[in-house]
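*Asks:* I'd like to go over a predicted model; first the sequence, then the structure.
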Protein chains: 2
Amino acid sequence: MKEDDITGWFRQQRQLSPAEIPIGIGDDMAQIALERSASVLITTDMLLDGTHFDLRTATLEQVGYKSMAASLSDCAAMATIPLAAVVAVALPRGWSGRQLQQLHAGVVFAADKYHCPLVGGDITSWTGDGRFAVCVSMLSKPGDKPPVRRNGAKVGDVICVTGSLGGSGRRKHLEFEPRVQEALQIVQSADLHAMMDISDGLSTDLNRICRQSGVGALVEAAAVPVSEDARAQADPLSAALNEGEDFELLFTLSPDQWDQLCRLWDELVPITRIGRITDTGRMEIRMPDGRAVELRPGGYDHLAD
Amino acid sequence: MKEDDITGWFRQQRQLSPAEIPIGIGDDMAQIALERSASVLITTDMLLDGTHFDLRTATLEQVGYKSMAASLSDCAAMATIPLAAVVAVALPRGWSGRQLQQLHAGVVFAADKYHCPLVGGDITSWTGDGRFAVCVSMLSKPGDKPPVRRNGAKVGDVICVTGSLGGSGRRKHLEFEPRVQEALQIVQSADLHAMMDISDGLSTDLNRICRQSGVGALVEAAAVPVSEDARAQADPLSAALNEGEDFELLFTLSPDQWDQLCRLWDELVPITRIGRITDTGRMEIRMPDGRAVELRPGGYDHLAD
């Protein structure tokens, strides 16, 4: 069973009240309605030693930063404003306050930089063997525009990404800048139909937008912005399409709004048009030789195999 | 370094704005202010195989229930109303949708029972060896009364607990009923000065109230409600004082309000007066022979040793 299948299964088990939970399972964040038309959004991200970082090479300060940045990227994915974070940790035997202080330094560096204070947490320890895990849960609030969801892509939309893709595992995954300000500025400049952040690879995450929106996509291989670290690899395009943890924004909007965004965008980060939304119901990629071939979701799946 | 010392250190690192974060690090939940005098509270709890449950004897459904119930108990600890939960998991190699569905059954049983829907989550897997961990983060909102904090105990207050204490590890820790309704009803019946839930043992958690309130306490050993499962142990009183995961409420209130609570309380759960808040600055316990001796925090500390 794949991750998206089990997520879909979870979603089907309980009908959430749209009045109470306007956005439920399956988006970058869930939205909870409160009194007097206020609302709050929440995301949670578990990061594991050996999966999301390697403590043999990464410092705990880097891990603290990354754990916050991953959740901040979820806030960005819906163009919402970060409010506060809580951090829960599972400590290997023998860890003490010193390791926690190093982790804390990275957490509060991100908290300060993105105005998202650390407000609480939980400290637990493994009995016997157990590796380090950190779980950040973060709250945000809508900006002037409603949160941008994954399920609104329309046939004919332009597909865009920020920054460049692939090769994140080399260095970027520990140091990336979550696109919080960029997302808020993009929705100020144009009306988006769908958005998410690329955490599991472009092909996998674009597939999520397509499935949730009931549309297809055609990606132009020549247009995909391949990162410098991806270019150093044997197959740079595959790296850009399938590797995870880019933490860039992936969004769709009408051609008119794309033109408007191009006029207004002041280059906080490059935005690249990589393709368009189609009515084919499947994902395709046009290779440099002109052939359009099927684009399979090839990114990371925690439940595959 | 002990857990409370490192928590205190964290609290001192950043001054949180009381207008934005009315309640920060060090209480059962943090409170985040929103527009138009709305606010939301958040808690996070990490539960680990081998520490908080043992998958050789507990079912995944029990673990799912317990993980939700622990956070619901935090909502109760401040007399707030649960709103929604997100659940992040770290899966051992080889786990599939089947195990997740079992866990989900326990999560939604608690979610349905306490009107706290599951709205999102995160599924991750260990690379190589790694044991099962589950992290629940939960939102709540204030009821008619403001959230009850740990730091308001006053000299002369009556100290009370709900239910009975000790021996939870035998069975109760997997099946306990978080005191959500009871807490809301208690604050309807009387004005409380301080409250928390007993998760790390009465002696440790009462010490937290005393330290945060700047007061002492005198507990009457003969009054402590010792559970049936604690009575089966070699030292039942020690079990009731020091064992963790009772998930009962511990609160203080003026003698007048205690009298009022006694008149109004309709026995959803027994409430027992176990002692009083003193100006000694330390915790003492009066033993059955009349001697008052020092009561040391003897409950569970994740960072001790």
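*Replies:* Looks like it arrived, so ask away. Computed from a prediction, not measured in an experiment: that's the story for all the values here. Numbering: from 1, shown residues only, chains lettered A, B, ... in the order given.
*Asks:* What does the pLDDT read for A:L303?
*Replies:* For A:L303, the pLDDT comes out at 59.
*Asks:* One more: A:G244?
*Replies:* Taking A:G244 on its own, its pLDDT is 90.
*Asks:* Does it touch A:S203 like I think?
*Replies:* No: the pair A:G244 / A:S203 is not scored as a contact, 10.4 Å apart, by C-beta atoms under 8 Å. For every residue, glycine as well, the C-beta is placed using N, CA and C.
*Asks:* hey, C-alpha coordinates of the helix or strand harbouring A:V108 in PDB?
*Replies:* Using DSSP states H and E, A:V108 sits in helix A:97-113. Taking Å, rounded to 0.1, in the frame of the first residue of the first chain, the C-alpha atoms of helix A:97-113 are listed here in PDB:
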ATOM      1  CA  GLY A  97      20.800  18.700  28.100                       C
ATOM      2  CA  ARG A  98      23.900  19.400  26.000                       C
ATOM      3  CA  GLN A  99      22.400  17.800  22.900                       C
ATOM      4  CA  LEU A 100      19.100  19.400  23.500                       C
ATOM      5  CA  GLN A 101      20.700  22.800  23.700                       C
ATOM      6  CA  GLN A 102      22.400  22.200  20.300                       C
ATOM      7  CA  LEU A 103      19.100  21.200  18.800                       C
ATOM      8  CA  HIS A 104      17.400  24.200  20.400                       C
ATOM      9  CA  ALA A 105      19.900  26.600  18.800                       C
ATOM     10  CA  GLY A 106      18.800  25.400  15.400                       C
ATOM     11  CA  VAL A 107      15.100  25.500  16.300                       C
ATOM     12  CA  VAL A 108      15.200  29.000  17.600                       C
ATOM     13  CA  PHE A 109      17.300  30.300  14.700                       C
ATOM     14  CA  ALA A 110      14.500  29.300  12.400                       C
ATOM     15  CA  ALA A 111      11.900  30.500  14.900                       C
ATOM     16  CA  ASP A 112      13.400  33.900  15.100                       C
ATOM     17  CA  LYS A 113      14.100  34.200  11.300                       C
END
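*Asks:* Let me see the domain layout of chain A.
*Replies:* A:14-142, A:158-294 (automatic domain parsing).
*Asks:* Chain B: which of the ones you listed is closest?
*Replies:* domain A:14-142 (3.4 Å; C-beta to the nearest C-beta).
*Asks:* Do you have the helices of the stretch 151-300 of chain A handy? List them.
*Replies:* Applying DSSP state H, counting those that start in this stretch to the stretch 151-300 of chain A gives helices spanning A:172-175, A:180-189, A:202-213, A:228-231, A:236-242, A:255-264.
*Asks:* Tell me the residues of the stretch 51-200 of chain A that contact chain B?
*Replies:* A:51-52, A:83-84, A:86-91, A:96-97, A:100-101, A:104, A:108, A:111-112, A:117-131, A:133, A:135, A:137, A:139, A:141 (C-beta under 8 Å from any C-beta of the partner chain).
*Asks:* so of those residues, which ones are in helices?
*Replies:* A:97, A:100-101, A:104, A:108, A:111-112 (DSSP state H).
*Asks:* what's near enough to touch the closest residue to A:E61 other than its chain neighbours?
*Replies:* Counting by C-beta to C-beta, 6 or more residues apart in numbering or on different chains, A:E61 lies nearest to A:G106, which is 3.9 Å off, once chain neighbours are set aside. Contacts for A:G106 (C-beta atoms under 8 Å, 6 or more residues apart in numbering or on different chains) come out as A:59-68.
*Asks:* who touches A:A230 in this structure?
*Replies:* By C-beta under 8 Å, 6+ apart, the contact list for A:A230 reads A:164-167, A:236, A:239-240, A:243.
*Asks:* Who wins on neighbours among the residues you listed?
*Replies:* The member of the contacts of A:A230 that has the most neighbours, counting by other C-beta atoms under 10 Å in any protein chain shown, is A:G166 with 30 neighbours.
*Asks:* Excluding chain neighbours, what is closest to that one?
*Replies:* A:A230 (2.8 Å).
*Asks:* again with A:L100
*Replies:* The nearest residue in space to A:L100 (C-beta to C-beta, 6+ apart) is B:I6, at 5.6 Å.
*Asks:* what does A:L268 give?
*Replies:* Nearest to A:L268 is A:E182, by C-beta to C-beta, 6+ apart, at 5.0 Å.
*Asks:* Out of the helices and strands in chain A, which is least certain?
*Replies:* In chain A, no helix or strand scores lower on mean pLDDT, DSSP states H and E than helix A:3-13, which sits at a mean of 89.
*Asks:* Show me what that helix is packed against.
*Replies:* Contacts defined by 3 or more C-beta pairs under 8 Å, 6 or more residues apart in numbering or on different chains; DSSP states H and E place helix A:3-13 against helix B:97-113, strand B:118-125.
*Asks:* ok, and for it, which residues are buried?
*Replies:* A:3-4, A:6-7, A:10 (16 or more other C-beta atoms under 10 Å in any protein chain shown).
*Asks:* which element follows it toward the C-terminus?
*Replies:* Assigned by DSSP H and E, the successor of helix A:3-13 is strand A:30-33.
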